[in-house]
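Asker: below is the structure, and that's it, no one-letter string:
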């Protein structure tokens with residue numbers, strides 16, 4: 001592992017403002033800056049440069065599972081370099097989590113990606129359903145907190161509790177991944 005800071009990848013149909021706000025929040029939780037990188041960029045070249053820069057969390061923009069002209073995908077390379085990855089996903093209109101989330105988790109396992117877990121963006125958090133789907137959930141960011149213009153410092157007690165819980169989960173899992 002060259003970097004203990006995770007990469008962030010959004011899966012499925014997540015509104016761009018939610019994706020941006022959530023990625024900035026994660027960077028804030030982990031006392032880092034956020035760097036956006038296109039999945040069109042060659043991952044090996046980027047990761048070679050990243051060795052000298054350990055202060056940034058990288059948000060991958062695009063399809064990290066697609067095989068590019070260099071013969072591999074970002075997910076393959078993240079697995080090879082043992083880089084931690086956080087997945088962001090929103091529930092569908094029915095409230096259910098799309099199957100693409102399970103597919104990405106399976107692909108991460110197959111490619112030996114150090115998956116930190118999944119963060120649900122918006123929708124209703126149903127902890128019983130999340131436990132039954134056997135996916136590695138880290139937590140939830142409510143829709144109100146993802147809206148553009150939200151001032152994090154003005155969050156109410158319940159919102160702060162949710163964010164602190166998510167932040168502690170992320171830090172704990174990343175710490176365990178960096179040791180193992």
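Answerer: Yep, it's here. The structure presented is a predicted model; accordingly, all values stated were derived computationally and were not measured. Residues are numbered from 1 along each chain as shown.

Asker: quick one: mean pLDDT for the longest helix anywhere in the chain?
Answerer: The longest helix of the chain (DSSP state H) is helix 157-179. This predicted structure assigns helix 157-179 an average pLDDT of 88.

Asker: what's it packed up against?
Answerer: If you count contacts as 3 or more C-beta pairs under 8 Å, 6 or more residues apart in numbering; DSSP states H and E, helix 157-179 packs onto helix 16-29, strand 84-89, strand 114-121, strand 137-141, helix 143-146. Using the backbone N, CA and C atoms, a C-beta is placed for each residue, glycine as well.

Asker: so how far is residue 97 from residue 68?
Answerer: In this view, residue 68 and residue 97 are 27 Å apart by C-beta to C-beta, to the nearest Å.

Asker: of these two, give the one with the bigger neighbour count.
Answerer: Higher neighbour count among residue 68 and residue 97: residue 97, with 23 against 17, using other C-beta atoms under 10 Å.

Asker: looking at it, that one is touching residue 134, isn't it?
Answerer: No: using C-beta atoms under 8 Å, residue 97 makes no contact with residue 134, being 11.6 Å away.

Asker: if anything else comes up later, I'll come back, but that's it for now.
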